Each structure stands twice: as C-alpha cells, then as structure tokens.
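Trainee: next come a sequence and a model predicted from it.
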Amino acid sequence: MARAIRIESPGEAQRHRETVKALDRRERGQRRVKPGKDGQRRRPLLLASRHDDLCAAVDEVVAFNQIVPRLGASYDLSGDGKTVVKANWGRFYFNPGVNLADAINPNTSDQYADMNWVDRNGDLVYQVGEETTEIQRVGGTVASSIDPNLKDPHTDEASMFVERALMPELGLRAGFVWKKDSAGWQRSNIARPMSAFNLPVTIRDPGPDGTLSTADDGADIAGFNLDDPTRPANQVTGNIPGYEGTYKTFEVSANKRYSSRWSMNASLSYTWTEEYGNLYYNNRFATAVAGGGFSHFGSFPLNPNEKTLNEFNNWSAKITGTIDAGWGLKVSPVVKLQSGAPYARYFSTAMNYGTQIILAEPIGTRRQDAVNLFDFRVEKQIRFATKARLGLFFDMFNTFNSNTAINIKWRSGAAFEKATTVLPPRIAKFGVKFDW
C-alpha cells in the first residue's frame with residue numbers, strides 16, 4: 001500500500017531587516033537577511049540530523065544609491081495674477097520591500113517535504129523510516145539568485161497646467177500629466193528563455209462557451225511549445241529590458257468657492273494606458289510571477305504565448321457641491337461617472353510545458369457598462385445657547401439603485417461575462433451630531 005505524507009516544520013517566519021535612508025535629495029535602500037537556524041524552535045523536518053543547518057547572515061543583499069531630482073516652476077502669463085502656468089517634473093524610485101531578501105533567504109516561513117509513504121507495519125501511523133521517494137521540498141534552500149547588476153525601478157512624472165481665475169469666486173484648471181515606469185524587475189527562469197519556445201503549434205480557441213467544435217469557436221491562434229520540456233529551473237531576479245509602462249492623462253477642473261449660497265467642484269480626466277499587466281478586476285490571464293516588478297498589477301510575459309502588454313483608455317468625472325436651501329438646510333450632492341472597465345476573453349490550453357492561459361483578444365476589445373452614481377446629504381444645524389450645536393443629517397447612497405456590474409468573469413465557459421460583484425444597493429443613513 002502506497003500513500004503520500006507531508007511533514008511540515010511550522011514556526012517563525014524568515015528574518016530580514018529593511019532600512020531606507022533619505023538625506024539631501026539622495027536615497028539609499030539596503031536589504032539584509034539576518035542569521036537564523038533552519039528549523040529553529042520547530043519540529044524537526046523528518047530527521048533533525050538532516051535539517052540542523054545554519055543559515056548564514058547576509059549583511060547586504062542589495063543596496064541602491066540614487067539621486068532623486070525634482071523640478072517645478074510657475075509663470076504669470078497675464079501679469080495680473082489671474083492666469084498662471086505651472087510645470088513640474090520629478091523622478092521617484094520604488095521601495096523594493098522584502099521581495100529581494102526573500103529571494104535568497106533559505107530560512108523561509110514554510111518548510112516541508114512531500115514524500116511517498118509505505119505503511120510497512122500496517123498501523124496507519126507514520127513512523128520515521130517509512131518514507132520513500134521525495135516528491136518536493138520547500139524551505140531550507142535558496143529559491144532564486146539576484147542579478148548583480150540589478151537596478152531599482154523608477155517613475156518619471158511630468159505635468160503642465162494652466163489655471164485661470166474667470167471670476168472672483170470661479171477658477172478653471174486644465175492640463176496634462178505624463179508618467180513612465182522604467183527598469184522593472186521580475187523573477188525569471190533563465191533556463192527557459194523566450195528563444196527556447198520555438199516549436200510552432202496551432203492553438204484552438206473554444207470561443208465564449210469554452211467548448212471546442214461549436215458554432216462560437218474563435219480563430220486559431222499561432223503559439224509555441226518549449227523545445228525541451230525537461231529544461232531545469234534557474235530562477236534569477238533581475239531587470240527585464242523593455243519592462244515599462246506609460247500613462248498619459250488630460251485633466252480639466254472647475255472650482256467655485258462658496259458664494260450666493262452655493263459652491264461647486266467639478267473634474268474630468270481621460271487616461272491613455274500602456275502597461276504590462278496580467279491581473280485586472282480579479283481576472284488573471286497569464287502566469288502569476290513571484291517577486292513581481294514595479295507595476296500595480298503587472299507581469300512581463302514568461303513565454304511568447306502570454307500577451308500581457310496592454311493598451312486601453314479610461315475616463316472619469318465627478319461633481320460635488322453645497323447648496324444652502326434655506327430654513328437652515330444644506331444639501332450636498334455628489335455625482336460620479338466613470339467608464340466601464342476594458343476587458344477581453346481568455347481560456348486555458350495544454351502545452352508541452354504545462355497548462356497555459358491564452359488571451360484570445362486584446363484588452364479593451366470589450367468594455368463593461370459605465371458606472372453612474374448619485375449620492376447626497378441633507379443637513380440641518382440647530383444652535384443651543386452660545387456654542388452648542390445639534391446637527392441632524394440624512395445621507396443617501398446610490399440614490400437611483402444602480403446595479404452595474406463591477407467585476408465579471410472573463411474566462412471562456414458557462415460563466416463567461418457573469419457578474420461576480422455589483423454596486424452596493426441604495427442605502428439611507430440618518431445621524432445626529434452634537435458639538436459644544
């Protein structure tokens with residue numbers, strides 16, 4: 001009789017310390033791994049004599065030193081202080097967090113071995129010596145190395161705005177913001193470079209229903225298998241040439257200060273995005289990479305079958321204000337509008353190196369419904385004596401009870417385009433405030 005067992009060594013997490021110093025417009029980041037004992041204060045991992053190794057201290061995993069310049073200027077175009085041009089540029093470096101130290105730390109928080117088990121005495125209880133073939137082992141070894149030429153990712157951001165005072169209480173502002181992320185890093189298996197995926201294959205698209213050979217099948221997709229599926233793992237964390245993202249935003253806003261019993265703020269923005277990403281709105285359409293790079297989502301493709309360079313655009317608008325309605329009542333409406341999320345369909349297929357997620361169409365081929373919300377508050381202040389005030393207020397959220405889908409399923413199959421999250425329903429709230 002053959003069984004499988006897992007013998008774990010739970011306990012303290014890996015130890016490391018992170019220090020970041022900034023002085024005189026210079027930054028220094030340093031990553032360390034503190035000394036620890038593999039399995040310290042843990043149950044022995046199979047046999048104590050086999051797993052009592054010391055984890056040597058690494059005083060400096062990597063250190064970054066860089067200058068972070070910032071520039072800004074403003075100019076009065078009209079000479080009367082009513083029309084001003086403002087321009088800014090700056091460079092910002094990313095805080096690497098703990099990913100780099102984790103990449104080379106053998107003293108991991110989870111340490112275990114999966115092994116086949118033969119119950120030789122038939123008592124259904126594991127005894128030392130009954131384990132046979134080791135299936136996998138986690139912890140006690142270094143999972144990755146770090147490229148000695150690693151550079152810290154950074155963002156360059158530039159903006160230019162024109163501000164104009166149209167009237168004493170009304171101002172208008174319009175401008176453009178450009179942002180670029182550069183020098184992203186990622187953990188990659190250098191034993192499986194892009195060039196190793198060189199065996200052409202035809203990938204069949206099952207269409208939205210997820211079933212092949214039906215009426216909605218998509219066009220065949222050209223793909224590539226790995227030349228040798230037995231290529232080993234050699235994980236290296238390093239900068240990826242071309243791993244970057246660009247964001248361009250046009251913004252316009254108006255601000256009316258409180259006068260004549262009302263005030264208002266209104267804004268509109270439109271953003272063009274070009275970035276590497278494989279996870280949007282709870283939908284992952286490529287391999288999840290450990291120790292990711294700089295972007296909020298993002299992953300550089302691990303093979304030519306992954307299409308993670310995305311181009312799409314979004315817009316949003318918001319209007320808020322305050323209206324003195326008389327009788328001591330103040331009404332504060334809020335209108336929020338935003339474009340529906342861009343999305344695309346994906347499916348999974350078998351390749352000679354394992355299961356691969358395939359993006360059937362570019363992100364933005366499809367778009368969810370726009371989100372429109374109207375909230376408001378009505379408030380009345382009642383004064384007592386000289387300083388005491390009682391405030392009564394009523395809030396209404398999602399006044400028109402919109403049920404727009406926020407998240408939907410992108411994967412081909414029976415659940416394709418089914419909503420997983422919708423806007424919360426209409427909510428009314430009453431409240432009382434007392435100030436003295």
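Mentor: The structure has been received and is ready for your questions.
Trainee: do you have the helices of the protein handy? List them.
Mentor: Per DSSP state H, the chain carries helices over the ranges 99-103.
Trainee: so where's the longest strand in it?
Mentor: For the chain, the strand that runs over the most residues, judged by DSSP state E, is strand 309-326.
Trainee: what comes up buried for that strand?
Mentor: Buried residues in strand 309-326, counted by 16 or more other Cβ atoms under 10 Å: 309-310, 312, 314, 317-319, 321-323. All C-beta atoms are positioned from the backbone trio N, CA, C, and that covers glycine.
Trainee: now these as CSV including distance to residue 169 and pLDDT?
Mentor: Below are these laid out as CSV (distance: Cβ to Cβ, whole Å; pLDDT from 0 to 100):
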residue, distance to residue 169, pLDDT
309, 46, 95
310, 43, 95
312, 38, 97
314, 31, 98
317, 22, 98
318, 20, 98
319, 17, 98
321, 13, 97
322, 13, 97
323, 15, 97
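Trainee: for the stretch 201-350 of the chain, give me the ranges with low pLDDT.
Mentor: Regions of the stretch 201-350 of the chain meeting the criterion pLDDT under 70 cover residues 290-298.
Trainee: now do the end-to-end distance for stretch 224-231.
Mentor: The first residue of stretch 224-231 is 15 Å away from its last residue (Cα to Cα, to the nearest Å).
Trainee: what sits up against that stretch?
Mentor: By Cβ atoms under 8 Å, 6 or more residues apart in numbering, the surrounding residues in contact with stretch 224-231 are 191-192, 196-201, 303-305, 351-353.
Trainee: one more: stretch 70-84?
Mentor: Stretch 70-84 is contacted from outside by 25, 85-91, 162-165, using Cβ under 8 Å, 6+ apart.
Trainee: if you set the cut-off to 10 Å instead, what comes out?
Mentor: With Cβ atoms under 10 Å, 6 or more residues apart in numbering as the contact definition, stretch 70-84 has outside contacts at 25, 85-92, 157-167, 171-173.
Trainee: buried ones only from those residues, please, as a ChimeraX command.
Mentor: To isolate the buried subset of the contacts of stretch 70-84 in ChimeraX, counting by 16+ other Cβ under 10 Å, use the following:
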select :157,159,161,163,171,172,173
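Trainee: tell me the spacing between the residue located most distally from the centre of the chain and residue 420.
Mentor: Distance from the C-alpha centroid of the chain, by Cα atoms, centre = their mean, peaks at residue 385 (52.8 Å). Distance, residue 385 to residue 420, using Cβ to Cβ, to the nearest Å: 54 Å.
Trainee: swap in residue 389?
Mentor: 45 Å.
Trainee: ok, the residue farthest from the centre of the chain touching residue 435?
Mentor: No - with contact defined as Cβ atoms under 10 Å, residue 385 does not count as touching residue 435 (11.8 Å).
Trainee: got the contact list for residue 392?
Mentor: With Cβ under 10 Å, 6+ apart, residue 392 has these contacts: 328-329, 378-382, 430-433.
Trainee: bridge partners for it, pull those for me.
Mentor: Bridge pairing for residue 392 (DSSP bridges) gives the partners residue 380, residue 432.
Trainee: once you drop chain neighbours, what's closest to residue 267?
Mentor: residue 253 (4.0 Å; Cβ to Cβ, 6 or more residues apart in numbering).
Trainee: who's the one you found bridged to?
Mentor: Under the criterion used (DSSP bridges), residue 253 bridges to residue 173, residue 267.
Trainee: test my guess that it contacts residue 171.
Mentor: Yes - look at residue 253 against residue 171 with Cβ under 10 Å: they come within range, at 8.7 Å.
Trainee: what sits in contact with each of those two?
Mentor: Common neighbours of residue 253 and residue 171 (Cβ under 10 Å, 6+ apart) are residue 163.
Trainee: how many residues are close by the residue nearest to residue 257 when sequence neighbours are not counted?
Mentor: Distances taken as Cβ to Cβ, 6+ apart place residue 169 nearest to residue 257, at 4.6 Å, with adjacent residues excluded. Here the count is done by other Cβ atoms under 10 Å, and residue 169 has 15 residues near it.
Trainee: residue 170 now?
Mentor: 14.
Trainee: returning to what we had before: and the longest strand of the chain, what does it pack onto?
Mentor: strand 245-259, strand 262-276, strand 329-338, strand 342-343, strand 371-384 (3 or more Cβ pairs under 10 Å, 6 or more residues apart in numbering; DSSP states H and E).
Trainee: residue ranges for the strands of the stretch 1-150 of the chain, please.
Mentor: 2-8, 16-23, 26-33, 36-37, 54-55, 58-67, 70-76, 83-93, 112-118, 131-138, 145-146 (DSSP state E, counting those that start in this stretch).
Trainee: mean pLDDT lowest where, among those?
Mentor: Set side by side, these show their lowest mean pLDDT on strand 16-23, which sits at a mean of 32.
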